[in-house]
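Peer 1: what follows is a predicted protein model with its sequence.
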Amino acid sequence: MVHVVLRLLNRLGNALPRQVRRKIADFPGVLALAERLSSRRSIEVTSPEGYRLVLNPLLHANLLQAGRLESYEPELRQAIATHTRPGMIAYDLGANVGVFSLLFARLVGPQGAVYAFEPEPNNYACLAATIRRNGLTHVHPSARAVGRVSGKGVFDRRGGAFSGRLVGESSAYGRTSNTTTVETTSIDDLVRAGLPAPDIVKIDVEGNEGLVLEGMAETLQRHRPTIVCELHLHLGDSAESVLKLLDAHGYAVRSLSSTPASAGSTAPDPFAPAQERQIIAEPRVY
């Protein structure tokens, strides 16, 4: 009976636009009900790299609709594939269930390493299970949220497993009642503590892009990693503030879509037509 209910909810949920699904999940009790219905239930699908990806059949139903996932965020997938080579150190910030952690794992190989950060508990459980299921000893999961500083922070689980982000007193992001306290860290603190500096960083942190970049200023200056970043324009910093920050560190930025990215311009925000846009930033060559 539970399987029938899950399948029905999957079909109904995926018939709705993504933003509508998130708004529904914000209502008190919706996520708790979904977690109870899907508790301790998991399925496996094959990733494009041939790994077994562990998913919660209700909370991650959106990924089930992507078939074998080859068509899931294709521009981001192509950018990662183009800029990642064997032996590299990759950071996946906002790893969710590990779709792109698995891509990094295949590209860097056992001689490289992947550090995957995901503070949302449902997502992290699937991420960790996927890593164990595939014996990926060079992929290292962490439940910490990456931001500006290390310590503890309030994490709003808005949208359940669809999204979530750090919120604070200065945040313009209206919080829901579905919050929890998580450990936080910054990239600079991790590197200072001995974690290998990244060669490439994927950032998908639901509007906290500016906080993450501020917390890796030293890493940007000293180690010059490639940055692949999703801008959530309706949730946090404006595109212009993120672009200016990258420009100040000597990075050239371009959009992964056909819309060009530019910093320091008084022209309208080049990302204004969409709520989410993906960019790639690389150190300028002088």
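Peer 2: Sure, I can see it. Numbering: from 1, shown residues only.

Peer 1: show me where pLDDT drops low in the stretch 51-200 of the chain?
Peer 2: Low-confidence segments of the stretch 51-200 of the chain, defined by pLDDT under 70: 65-68, 159-163, 169-174.

Peer 1: what ranges do the helices span in it?
Peer 2: Along the stretch 51-200 of the chain, counting by DSSP state H, counting those that start in this stretch, helices occupy 61-64, 74-83, 99-108, 121-134, 187-192.

Peer 1: so for L231, which of these sits nearest?
Peer 2: Smallest distance to L231 across the helices of the stretch 51-200 of the chain (Cβ to Cβ): 12.1 Å, for helix 74-83. Quick note: C-beta positions are derived from backbone N, CA and C, even for glycine.

Peer 1: need the strands for the stretch 151-286 of the chain, in chain order.
Peer 2: Secondary structure of the stretch 151-286 of the chain, counting by DSSP state E, counting those that start in this stretch: strands at 151-156, 165-167, 179-185, 200-203, 226-232, 251-255, 276-283.

Peer 1: need the helices of the stretch 51-200 of the chain in JSON lines (columns: mean neighbour count and distance to S241).
Peer 2: Converted to JSON lines, the helices of the stretch 51-200 of the chain look like this (neighbours: other Cβ atoms under 10 Å; distance: least, Cβ to Cβ, whole Å):
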{"stretch": "helix 61-64", "mean neighbour count": "18", "distance to S241": "29"}
{"stretch": "helix 74-83", "mean neighbour count": "15", "distance to S241": "21"}
{"stretch": "helix 99-108", "mean neighbour count": "24", "distance to S241": "25"}
{"stretch": "helix 121-134", "mean neighbour count": "21", "distance to S241": "27"}
{"stretch": "helix 187-192", "mean neighbour count": "20", "distance to S241": "18"}
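
Peer 1: of all the ones you listed, which one is nearest A90?
Peer 2: Nearest of the helices of the stretch 51-200 of the chain (Cβ to Cβ): helix 99-108, 4.1 Å.

Peer 1: relative to A105, which of the strands of the stretch 151-286 of the chain is closest?
Peer 2: strand 200-203 (12.5 Å).

Peer 1: direction included, what does that closest one pair up with?
Peer 2: strand 89-93 (parallel), strand 226-232 (parallel) (DSSP bridges).

Peer 1: just the ones you listed: most buried one?
Peer 2: Most buried of the strands paired with strand 200-203, by mean neighbour count (mean count of other Cβ atoms under 10 Å): strand 89-93, with a mean of 26.

Peer 1: what comes into contact with that strand?
Peer 2: 84, 98, 100-101, 104, 107-108, 112-117, 146, 187, 196-205, 212, 225 (Cβ atoms under 8 Å, 6 or more residues apart in numbering).

Peer 1: again, 6 Å this time
Peer 2: Strand 89-93 is contacted from outside by 100-101, 104, 108, 113-117, 146, 196, 198-203, 205, using Cβ atoms under 6 Å, 6 or more residues apart in numbering.

Peer 1: ok, now stretch 188-203?
Peer 2: When contacts are defined by Cβ under 6 Å, 6+ apart, stretch 188-203 is touched by residues 83-84, 88-93, 100, 150, 209, 212, 215-216, 218-219, 223, 225-229.

Peer 1: any idea how far the residue lying closest to V201 once chain neighbours are set aside lies from L231?
Peer 2: Among residues not flanking V201 along the chain, Y91 sits closest, at 4.5 Å (Cβ to Cβ, 6 or more residues apart in numbering). Relative to L231, Y91 is positioned 18 Å away (Cβ to Cβ, to the nearest Å).

Peer 1: before we move on, the earlier item: and P141, which of the helices of the stretch 51-200 of the chain is closest to it?
Peer 2: Of the helices of the stretch 51-200 of the chain, nearest to P141 by Cβ to Cβ is helix 121-134, at 5.1 Å.

Peer 1: returning to what we had before: in JSON lines: the strands paired with strand 200-203, plus distance to G250.
Peer 2: JSON lines is the format used below for the strands paired with strand 200-203 (distance: least, Cβ to Cβ, whole Å):
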{"stretch": "strand 89-93", "distance to G250": "19"}
{"stretch": "strand 226-232", "distance to G250": "12"}
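
Peer 1: for L245, find the nearest of these.
Peer 2: The nearest among these, by Cβ to Cβ, is strand 226-232 at 10.6 Å.

Peer 1: just to revisit the earlier point, closest to E240 out of the strands of the stretch 151-286 of the chain?
Peer 2: Where the strands of the stretch 151-286 of the chain are weighed against each other on Cβ to Cβ, the nearest is strand 226-232, at 10.2 Å.
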